[in-house]
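**Student:** I'll drop the sequence and a predicted model, then ask my questions.
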Amino acid sequence: MLAFSLKRIFAARGIEKPFTYMVRRGFSDNFATAIINGRKHQVNLREVERLCELFRCTPNDLLEWTPSAEQAIQKDHPLKPLERVEKVAQLNQLINTASMDRLEQIEAIVKRELAE
């Protein structure tokens, strides 16, 4: 089943209050609640574009694919990249455990990677 799943994005971006975050950025209460809770099954392309602009992501980042029990999934299946086996860790929590020296190294790596 293909579904919208924004939990990874919220975790990666350090967004602790997704509902408030989305409503403050112009999404309706109903839309924010439904998409946050995975109950939004139809989204028009303009809303997808707004989400991608807000989270600086692609439409694929908004989706999660869970194959049905009956499906024999091949490694080269086109939807395989959307099967989210591993969840994004709370980046803030990981960084908070790093030493100051290590934080400087991480900062240099991130700057280098983002510059490319």
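**Tutor:** Ah, there it is.

**Student:** now for residue 6: which residues touch it?
**Tutor:** Shown in contact with residue 6 (Cβ atoms under 8 Å, 6 or more residues apart in numbering): 18, 35, 36, 51, 55, 62. Just so you know, the C-beta spots here come from the backbone N, C-alpha and C atoms, and that holds for glycine as well.

**Student:** phi, psi of the second one?
**Tutor:** Geometry field for residue 35 lists phi and psi as phi -70, psi -30, criterion degrees, to the nearest 10.

**Student:** ok, it - contacts?
**Tutor:** Applying Cβ under 8 Å, 6+ apart, the residues near residue 35 are 4, 6, 22, 27, 43, 51.

**Student:** look at the third one and say how many residues are nearby.
**Tutor:** Yep, that's residue 22 we're talking about. Number of residues near residue 22 (other Cβ atoms under 10 Å) recorded here: 23.

**Student:** go on, residue 19?
**Tutor:** Residues lying near residue 19 (other Cβ under 10 Å) number 14.

**Student:** let's see which of the contacts of residue 35 end up in strands.
**Tutor:** residue 4 (DSSP state E).

**Student:** which one of the contacts of residue 35 is nearest to residue 108?
**Tutor:** residue 6 (30.1 Å; Cβ to Cβ).

**Student:** now the phi/psi pair for the closest one, please.
**Tutor:** Torsion angles, degrees, to the nearest 10, at residue 6: phi -100, psi 0.

**Student:** now do residue 69
**Tutor:** Taking degrees, to the nearest 10 as the convention, residue 69 sits at phi -60, psi -30.

**Student:** could you measure it against residue 1, distance?
**Tutor:** The spacing between residue 69 and residue 1, counted by Cβ to Cβ, to the nearest Å, is 11 Å.

**Student:** give me the low-pLDDT residue ranges for this structure?
**Tutor:** 72-73, 85-92 (pLDDT under 70).

**Student:** tell me which residue of it is furthest from the middle?
**Tutor:** residue 101 (28.9 Å; Cα atoms, centre = their mean).

**Student:** residues of the host helix or strand of that residue that come out buried?
**Tutor:** Take DSSP states H and E as the rule and residue 101 turns out to sit in helix 100-115. Buried residues in helix 100-115, counted by 16 or more other Cβ atoms under 10 Å: none are found.
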